[in-house]
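S.K.: Next one to model:
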Amino acid sequence: MASRTNFTPSYLPFVVDAGSLDRDGGRQIDWAKVPETFKNGVDYTVTLNDANANAGDTTIAVDALPVLLPVGTVLDFGLLTADAYTITVNDATAAIGDVALGVVALPVAIPAGTVLTFSGGAGDTDEIAVVAADAAAGATSLTVVKLPHAIADTATADFPGTAQQMLAKVAVEAAAGATSITVDALAGHIVDNSEATVTFGGTGSKIIPAGTVMAQLSSGKIVPRSDRPGSETATCVLETMADELGLNMALSGYGTLVAGVLYENLMPDYANASWATFKTELNAAGVGHFVWRTYADTMPNA
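M.R.: Model prediction:
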């Protein structure tokens, strides 16, 4: 008796209904215009260029970014130690009740709410001053809550007083070459010229995940929409993974989708800040129409 093999087709997880898919012909990718971030393992350095990066700030200045930073990227600028900066009193008459305290030009900006514990000088130890208003780097006076006691001239305090990790989380995608990053409100101060290392791309071939939204260049070739400046708009969705050095890939290019019902939250570009724009562009391309659903791993009637 002859044996029989059954084949059950499987579809990528972002496809809701395979019968809804409308495919375009094979499309070639312009790999020269696909950035290095589509490789694995390359380290890039992000350098802070902001002398006043303080707690609560939602933007930080940096040297021109060497690579695009997607939303959610966490930049670790290292540990700010307790004695990273020394604040020195330059006020021979700092008395009880004073709301201003003379200091040697501040080596760094100090935000309101900072508690400075001074010691040394000619007075008692543990002389407390609470900063009442933000003070910029270079300032020679601190606005403080009424002093509970006199503070001796030349007394010193460490800032920030306790060690803290200098972290920043990218809130809005930052393009390569950008000199400013929008971040979630900083938890604390970050030292100017501090460096954070991020890892994207790397050695080997560039890999573009299936489901990536693609844009068409004037040459007719396609590239990931997320890395274009906006002059090229989204025209299709890559149906299968694309490998720059894939020897089994047809010369005619890769399959693309121009219509279908898809789970948007399972798409590679879903976390991109411009995702809504990508969806609008896809349906405005005039080739087909996409319907978007949200995947939820729940049981009916649960």
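S.K.: if I pick the closest residue in space to V115 that isn't next to it in sequence, what's in contact with it?
M.R.: By the measure of Cβ to Cβ, 6 or more residues apart in numbering, the closest residue to V115 outside its immediate chain neighbours is V130, 5.4 Å from it. C-betas here are computed from N, CA, C, even on glycine. Residues counted as contacts of V130 (Cβ atoms under 8 Å, 6 or more residues apart in numbering) are G113, T114, V115, L116, V144, V145.
S.K.: try 10 Å
M.R.: Residues touching V130, when contacts are defined by Cβ atoms under 10 Å, 6 or more residues apart in numbering, comprise A112, G113, T114, V115, L116, L142, V144, V145, K146, L147, P148.
S.K.: So which bits of the strand or helix carrying it are buried?
M.R.: Using DSSP states H and E, V130 sits in strand 127-130. With burial defined by 16 or more other Cβ atoms under 10 Å, the residues of strand 127-130 counted as buried are E127, A129.
S.K.: and the next element down the chain from that strand?
M.R.: Reading on from strand 127-130 to the C-terminus, the next helix or strand found by DSSP H and E is strand 141-143.
S.K.: Please pull out the lowest mean pLDDT helix or strand from this structure.
M.R.: Scoring the helices and strands of the chain by mean pLDDT, DSSP states H and E places strand 195-203 at the bottom, with a mean of 80.
S.K.: The closest residue to T199 other than its chain neighbours - how many residues pack around it?
M.R.: Across the structure, with Cβ to Cβ, 6+ apart as the measure, the residue nearest T199 apart from its sequence neighbours is D43 (5.3 Å). Neighbour count of D43, defined by other Cβ atoms under 10 Å: 12.
S.K.: my hunch is that D43 is in a helix, does that hold up?
M.R.: No: remark: D43 does not belong to a helix; assigned using DSSP: H, G, I helix; E, B strand; the rest coil, it is strand.
S.K.: my guess is it contacts E36, does it?
M.R.: No: counting by Cβ atoms under 10 Å, D43 sits too far from E36 to count as a contact (11.3 Å).
S.K.: separation between the residue nearest to V115 and M241?
M.R.: Distance check for V130 against M241: by Cβ to Cβ, to the nearest Å, it reads 57 Å.
S.K.: again, but for Q164
M.R.: Distance, Q164 to M241, using Cβ to Cβ: 41 Å.
S.K.: more neighbours, these two?
M.R.: When neighbours are counted by other Cβ under 10 Å, Q164 and M241 differ, and Q164 comes out ahead with 17 against 14.
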